[in-house]
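Q: Build the 3D model from these lines:
(2 chains)
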2 protein chains.
Amino acid sequence: MVTRPKTSPPRADAAGIEEGSVFTPKFDADGLLPVVVTSARTGQVLMLAHMNQEALARTIETGQAQFWSRSRKRLWRKGEESGNTMRVVELRADCDQDALWLKVEMGGAEACCHTGRKSCFYRAVPIGKGAAAGGALTFVEAEGSFDPKTVYGHARAAKGTLKTQD
Amino acid sequence: MVTRPKTSPPRADAAGIEEGSVFTPKFDADGLLPVVVTSARTGQVLMLAHMNQEALARTIETGQAQFWSRSRKRLWRKGEESGNTMRVVELRADCDQDALWLKVEMGGAEACCHTGRKSCFYRAVPIGKGAAAGGALTFVEAEGSFDPKTVYGHARAAKGTLKTQD
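A: Got it, this is the predicted structure:
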């Protein structure tokens, strides 16, 4: 196992951060980085999650996606309970290294969302004149690929309160 | 123009937020929502940006992507300076409505990043045993599609300090 520094390495200036090849991720005030997760197979955006330094280091070392669960306040290996694991195909950093893009190959039911759906982004927001926040969402992916109640095995899942349970 | 409420509408319980069709986006403590932006044409993740309530309302009304620039602390219509505009093809909300996925058709040079590249995610992070934060990034998209110095017309652009200038 590699040594994990307690603090981030010092960052270069803006030009170095954007045009250099040294990975110096910038965590926010809570010590987190937003991570866009997409399916390497379908290209679909599966979820937006967060990593702290430990989750990022473990993801890099193991090639299995791990995150920081903000609701449970602990490290979370995606699929540890549901079997819907994420093998890292590619990890990318953005220009100022404060966001990541993770392309993954999913295990299990290939369903990312705790509601049982493949993607957490299963509803569309209406766009155009007359539409506004408060408008009716359209279900783009209505049906789940697994039954959260069965998979997670307790009542809270059925109530949809388990975003980060998986 | 529709009336924009000063505050978010009241939110339902978790089941309502996740399985309902009422759009009640949850902004963070800074009043922002993270937005994953992908190209409707290529499927590529272009950037991770943020919207406040006003940027979201304007995006919905006009069908042109607008964001909140955290560095400049003002609303920012993508492409207002560079011409690299973003027409909204689809907007999706995630399960607990605290993140958005915006599929766009780009105008101009079809390049999203202020560095001139199509995507802000132009470097890959090494994965696997022995790799760690601090490892060498690989340029996946090395060359820009436009010259930021010319497009933005002042010296800061060349120094790469203009992430949200566009």
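Q: Make sure A:Trp68 is actually in contact with A:Gln53.
A: No: with contact defined as CB atoms under 8 Å, A:Trp68 does not reach A:Gln53; the gap is 9.2 Å. Where C-beta positions appear, they are placed from N, C-alpha and C, glycine not excepted.
Q: So those two - more neighbours on which side?
A: Neighbours were counted for A:Trp68 and for A:Gln53 using other CB atoms under 10 Å in any protein chain shown; A:Trp68 has more, 23 against 19.
Q: Where does the more buried one sit, in terms of helix or strand?
A: According to DSSP states H and E, A:Trp68 maps onto strand A:66-69.
Q: For stretch A:126-134, give the mean pLDDT please.
A: Stretch A:126-134 shows a mean pLDDT of 71.
Q: just stretch A:24-33 next, same as before
A: 95.
Q: Tell me the buried residues in that stretch?
A: Neighbour counts using 16 or more other CB atoms under 10 Å in any protein chain shown place A:24-25, A:27, A:32-33 of stretch A:24-33 among the buried residues.
Q: Same question for stretch A:71-89.
A: A:76-79, A:81-82, A:84-88.
Q: Among those residues, which pair sits farthest apart?
A: Spatially, the most separated pair among the buried residues of stretch A:71-89 is A:Glu81 and A:Val88, at 19.3 Å (CB to CB).
Q: Where does the residue nearest to the spatial centre of chain A fall, secondary structure wise?
A: In chain A, the C-alpha nearest the mean C-alpha coordinate belongs to A:Ala49, at 3.1 Å (CA atoms, centre = their mean). Taking DSSP H and E as the definition, A:Ala49 sits inside strand A:45-51.
Q: And that strand, what does it pack against?
A: Applying 3 or more CB pairs under 8 Å, 6 or more residues apart in numbering or on different chains; DSSP states H and E, one finds that strand A:45-51 makes contact with strand A:33-39, strand A:66-69, strand A:100-106, strand B:33-39.
Q: so which of the ones you listed comes closest to A:Pro126?
A: strand B:33-39 (16.5 Å).
Q: distance between the closest one and the chain's centre?
A: 5 Å (CA atoms, centre = their mean, to the nearest Å).
Q: strands paired with that strand, and their directions?
A: Paired strands of strand B:33-39, with direction, are strand B:45-51 (antiparallel), strand B:100-106 (parallel) (DSSP bridges).
Q: By mean pLDDT, flag the weakest helix or strand of chain A.
A: helix A:155-158 (a mean of 46; mean pLDDT, DSSP states H and E).
Q: So is stretch A:11-28 next to chain B?
A: Yes: Stretch A:11-28 reaches chain B (CB under 8 Å from any CB of the partner chain) through A:14-15, A:17-25.
Q: returning to what we had before: burial count for the closest residue to the residue nearest to the centre of chain A other than its chain neighbours?
A: Leaving aside its sequence neighbours, A:Ala49 sits nearest to A:Phe67 (CB to CB, 6 or more residues apart in numbering or on different chains; 4.5 Å). The number of residues packed near A:Phe67 is 25, by other CB under 10 Å.
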